[in-house]
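[1] I need the structure of the sequence given here:
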Amino acid sequence: MRNVPPTTANYLQRAGRAGRRTDTVAVALTFAQRRSHDLSHYSDPTRLVAGHIHPPLVAVENEKIVRRHVHSVLLSAFFRWARDQHGRLFRTVGDFFAPEQGPAGPDLLRAYAARHPAEVADALYRIVPSPLHATLGLSDWGWLSHLTNPQEEGILDLAVREVAGDLDLYRRLKQEAAAREDYREAERYAEVARTVRGRELLGFLGSRNVLPKYGFPTDVVELRVAHVPDREAVRVELQRDLRIAIAEYAPGGQVVAAKRVWISAGIYRLPERNWQVKEYAVCPKCGRYHSAPEQLPQKTCSVCGAALFSGQRRLYGQFLIPEFGFLAARETAETREDRPERFYATRPYFAEYEREPDPFALIDTLSGPSVRVLARYSRYGKLALVNSGVDGRGFRVCWECGWAEPAPPFAGPERPARRGREPAHADPRSGRPCNGRIQTYHLGHEFVTDVLELRFQGPLGDRPDRSLWLSVLYALLEGASEALGIPREDLNGTLYPYPGSLSPALVLFDDVPGGAALVQRILDDPVPIFRAARRRVARCECGEETSCYQCLRNYYNQFCHNDLRRGPARDFLARVLTEAGQGVY
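    Residues are numbered from 1 along each chain as shown. A predicted model of the protein is given here:
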């Protein structure tokens, strides 16, 4: 192993590849790189080799997950009814939300649900756990208001607005481009609109929390190899969740499968459809994330006023969403001793809320004379993950054939992405020369999940020390994992600055597809989580002005290891608990 795996489970999985034959001895040798994660386990390897593996946990009475299954029962019955009574089949987003003729799917669904069909009610009483019958309102169909309601605030209503908004936007952009006689650009916007309309319906509903996402792998994309003239191509299937794929399958990245090295050489594009593009910028001063379709309306940070398109690290640009997958190069290679090249994605950023959240509420059990702890929970937190390439240079992408490569180093002062034609390149699928238009983009993916936002106000909380808040954030994540028995990899967090506030908010979120109401459990009883977090940073034996893998560090927060300090986090959490009368035991 050329690096230390993230967890004990990962180590055992890799070590198992050494061989299972009984006539030979398998040996696992791990090389530790010169980084904090590897060196920490090098100094104490027993923590990894003999570590504890948490058993899998399925919360069958998780209200949010059950609601999605309730919606699936209704939609299943509705699709059969629409086919039999109206001759309608809904395969794509356009068929359902914006049909060429006839009533839209959501309108038919509301009419069908208003009848309270008995077959749906009977099925729900069979599958929904009995403790949730009253909570969901099965007897009076109260659960239906969470899906759709007259105020148009249900989950399906939000999806309707999203599709309508996207189609209206690209229709307007197309008209504006045509008015400028830029017909190539007008056709591109028309293709993007066709992309929105042509998305597979079940996958779209799953990604919008209407249907169970675990049952419909909506964000899985493929590194396509069928066009590669290699005999192994017929039996190789390379698929990843989009959040992982924008790192592992990024142009120039290498993947080992079937004893061959497959190289990503492009981004797949469906015929007559195009990728969605967003402009984004992360404030170099306070870290606030900004994004908008096509172009940001402002050039300065909405929190601190700093220039967005500046900074030593190039955390800005346009990213395209590679929702159709990636293309492998036509040439493969034999496996070698050196490690396959990858372009890793950046950490998640909290973007905004898909739906206006409830206002912050005071947590009385954690508030005292010098600090007020405020919290709000939402099922509709939007987070973004961006792969900006090496040094933020991005990737050069052809709009005609999908060919792509890592962008070369910047020459001279930075300038906007260049548009225009360049020397011909080879179409990854056909191998023929292509003179398509090339533009530089980053790769991005936005997803919706459950978030818990915490704010600390008062003399103790009004502190602009980013190191302190990162330390408190990861202490709380570790405390929640320990106190609630939640696998640590299912929780994550980030900071979110607010205008006029010295301290950022702490955003804790479910790091699982679609969210699973895990962070809501923290809000239900936060005191044990704060106590567990304080114990985590109080009992560790590392230096107070640093941290280690026994307290705050882990494989996934290596970007801020140097900023994590257990001493200040310990003192802050102890004072919060003491002033609230909760003790620090």
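[2] pull the longest strand from the protein.
    Scanning the chain for the strand with the most residues, using DSSP state E, yields strand 438-457.
[3] in its sheet, what does it sit against?
    Paired strands of strand 438-457, with direction, are strand 316-320 (parallel), strand 372-387 (antiparallel), strand 395-398 (antiparallel), strand 505-510 (antiparallel) (DSSP bridges).
[4] and the protein, what are its domains?
    Annotated domains of the chain cover 8-49, 63-207, 223-346+385-444, 352-383+446-579 [automatic domain parsing].
[5] quick one on the thing from earlier: would you turn the strands paired with strand 438-457 into TSV with mean neighbour count?
    The way it works is simple: take the backbone N, C-alpha and C, and place the C-beta from them, glycine included. Shown next, in TSV, are the strands paired with strand 438-457 (neighbours: other CB atoms under 10 Å):
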stretch	mean neighbour count
strand 316-320	23
strand 372-387	21
strand 395-398	24
strand 505-510	23
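[6] next, format the ones you listed as TSV and append mean pLDDT.
    Listed next are the strands paired with strand 438-457 as TSV, based on pLDDT from 0 to 100:
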stretch	mean pLDDT
strand 316-320	93
strand 372-387	92
strand 395-398	95
strand 505-510	95
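[7] turn those into a markdown table, including distance to residue 246.
    Output for those, formatted as a markdown table (distance: least, CB to CB, whole Å):
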| stretch | distance to residue 246 |
| --- | --- |
| strand 316-320 | 9 |
| strand 372-387 | 5 |
| strand 395-398 | 10 |
| strand 505-510 | 18 |
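[8] can you redo the domains of the chain as TSV with distance to residue 1?
    Formatted as TSV, the domains of the chain follow (distance: least, CB to CB, whole Å):
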stretch	distance to residue 1
domain 8-49	4
domain 63-207	34
domain 223-346+385-444	11
domain 352-383+446-579	14
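[9] before we move on, the earlier item: next structured bit after the longest strand of the chain?
    Sequence order places helix 466-484 as the next helix or strand after strand 438-457, per DSSP states H and E.
[10] in the stretch 51-200 of the chain, mark out all the helices, start to finish.
    Secondary structure of the stretch 51-200 of the chain by DSSP state H, counting those that start in this stretch: the helices cover 63-86, 93-97, 105-113, 118-127, 133-136, 144-147, 155-179, 183-198.
[11] and the stretch 201-350 of the chain, by the same measure?
    Assigned by DSSP H, counting those that start in this stretch, the helices in the stretch 201-350 of the chain fall at 201-207, 242-248.
[12] let me see the contact set for the closest residue to residue 121 other than its chain neighbours.
    Closest residue to residue 121 apart from its sequence neighbours, by CB to CB, 6 or more residues apart in numbering: residue 138 at 7.2 Å. By CB atoms under 8 Å, 6 or more residues apart in numbering, residue 138 lies in contact with 121, 124-125, 128.
[13] now, of these, which are buried?
    Buried by 16 or more other CB atoms under 10 Å: 124, 128, out of the contacts of residue 138.
[14] quick revisit: reformat the helices of the stretch 201-350 of the chain as JSON lines; add mean pLDDT and mean neighbour count.
    Output for those, formatted as JSON lines (pLDDT from 0 to 100; neighbours: other CB atoms under 10 Å):
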{"stretch": "helix 201-207", "mean pLDDT": "86", "mean neighbour count": "21"}
{"stretch": "helix 242-248", "mean pLDDT": "88", "mean neighbour count": "21"}
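[15] how about these, which one is nearest residue 11?
    helix 242-248 (19.2 Å; CB to CB).
[16] avg pLDDT for stretch 527-540?
    Across stretch 527-540, the average pLDDT comes to 92.
[17] in that stretch, which residues are buried?
    Neighbour-count burial for stretch 527-540, with 16+ other CB under 10 Å as criterion, is recorded at 529-538, 540.
[18] dump those into TSV; add secondary structure as well.
    Formatted as TSV, these follow (DSSP: H, G, I helix; E, B strand; the rest coil):
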residue	secondary structure
529	helix
530	helix
531	helix
532	helix
533	helix
534	helix
535	helix
536	helix
537	helix
538	helix
540	coil
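[19] can you put those in TSV and add distance to residue 246?
    Output for the buried residues of stretch 527-540, formatted as TSV (distance: CB to CB, whole Å):
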residue	distance to residue 246
529	32
530	35
531	38
532	34
533	32
534	37
535	37
536	32
537	33
538	39
540	35
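[20] ok, the spatially most central residue of the chain - contacts?
    Centroid check for the chain by CA atoms, centre = their mean gives residue 447 as the closest residue, at 4.6 Å. Residue 447 sits next to 207, 219, 243, 382-383, 385, 513 when contact means CB under 8 Å, 6+ apart.
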